[in-house]
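[1] Fold the following and give me the result.
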Amino acid sequence: MSAILYPIANSPAQALEQPVGRAARESDAQRLAGEAVSFVREFVGQPFRDEEEARRVWAARLDGPGSGLQPEDRFCDLKPIIQRSRVPFVAPHSVWRLSVGYWKIGAVVNPKADLPQARAARRTRKGDLPDTAALGALAHQPLRPIKPQQPLDIGLFEVPMPEDPQRLIPDE
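    Numbers count the residues shown, from 1 in each chain. Okay, here's the model as predicted:
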């Protein structure tokens, strides 16, 4: 199985049209770009009210039955987004946009990177309610373990079966 080769670019439009290069790993992307890079996912193009229409327009970039897209070229996805209207009586509706994963040239400064995890922030409830930007940052930050994973308790009184080494049996 080959890895996805993400484009290296300054914007999602440049990632689709004229990337600086393509790399699967951050170290390779930094070497090709000549400076710091960070992996981002950003939307590009117009929103579509219908998923089929969006798939038809972006067919060359999306994976699907009969698409012929190579495994290393699967860095684009269609994502549904809730679109809210400024008019109060218009109900929110879903729109579809193309999401491009790429190595963004230059260090991305995330001012909310030191936020606690959402589950910890929800339990403490100290201070004012977070603003919209802080809630977005909490929702999009990667999960971190609360404490280090403990080693498995296997091997002290167990041995592998001679005929099936994957199964453990009690040692008496």
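[2] Let me know the pLDDT of residue 127.
    What the model reports for residue 127 is a pLDDT of 69.
[3] wait, residue 118
    67.
[4] which SS class is the most centrally placed residue in the chain?
    For the chain, the residue nearest the mean C-alpha position is residue 41 (6.6 Å; C-alpha atoms, centre = their mean). Following DSSP: H, G, I helix; E, B strand; the rest coil, we place residue 41 in the strand state.
[5] Given the strand or helix carrying residue 98, what are its sheet partners and their directions?
    Element membership for residue 98 (DSSP states H and E) is strand 93-105. Here strand 93-105 has these sheet partners by DSSP bridges: strand 6-9 (parallel), strand 37-48 (antiparallel), strand 76-83 (antiparallel).
[6] Around residue 62, how many other residues sit close by?
    17 (other C-beta atoms under 10 Å). Any C-beta I mention is one placed from the backbone N, CA and C, and that applies to glycine too.
[7] For the strand holding residue 98, buried residues please.
    By neighbour count on 16 or more other C-beta atoms under 10 Å, the buried set for strand 93-105 is 95-105.
[8] Repeat that for stretch 60-72.
    61-62.
[9] start to end distance for it?
    By C-alpha to C-alpha, to the nearest Å, the extent of stretch 60-72 from end to end equals 14 Å.
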